[in-house]
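[1] Build me a structure from this.
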Amino acid sequence: MEGFYRRTRLEPPAFDDFWLSDTPRVVASSTGDNRNRRMVTWVLFGDQQTRNRFLFWIPHLDHEVPLVREKLARRI
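    All right, here's what the predicted structure looks like:
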């Protein structure tokens with residue numbers, strides 16, 4: 001996993017994507033009004049100092065239609 005995080009402290013044991021649609025596991029799937037297919041990338045990080053774990057979500061929301069962006073945010 002490539003990314004911008006402190007590799008000496010954080011370890012990403014798991015990461016994946018899902019699509020903001022009725023079929024989130026189907027790559028490039030889309031549902032409803034969004035013109036562009038949208039997805040969320042998530043990463044599970046383990047903090048090597050504290051031993052805490054946390055999820056980091058990166059939503060790729062619609063940039064053209066505010067109503068669709070709001071609907072997708074609610075779906076998440």
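[2] right, and W57 touches V40 too?
    Yes: using CB atoms under 8 Å, W57 is in contact with V40, at 5.7 Å. C-beta here means a position set from N, CA and C on the backbone, and glycine is covered the same way.
[3] which SSE is R69 in?
    helix 66-75 (DSSP states H and E).
[4] So which bits of that helix are buried?
    68-69, 71-72, 75 (16 or more other CB atoms under 10 Å).
[5] can you give me how far it is from the chain middle?
    14 Å (CA atoms, centre = their mean, to the nearest Å).
[6] and what of stretch 30-42?
    11 Å.
[7] Alpha carbons of that stretch, in CSV - could you do that?
    Output of stretch 30-42 as CSV, limited to C-alpha atoms (Å, rounded to 0.1, in the frame of the first residue of the first chain):
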residue,chain,number,x,y,z
SER,A,30,-23.3,2.9,-9.9
THR,A,31,-26.8,3.5,-8.7
GLY,A,32,-29.2,6.3,-9.1
ASP,A,33,-28.5,9.9,-10.1
ASN,A,34,-24.7,10.1,-10.0
ARG,A,35,-23.1,10.7,-13.4
ASN,A,36,-19.8,9.4,-12.3
ARG,A,37,-19.1,6.2,-10.5
ARG,A,38,-18.0,6.9,-6.9
MET,A,39,-16.2,4.8,-4.3
VAL,A,40,-14.6,4.8,-0.9
THR,A,41,-11.1,3.5,-0.1
TRP,A,42,-10.5,2.4,3.5
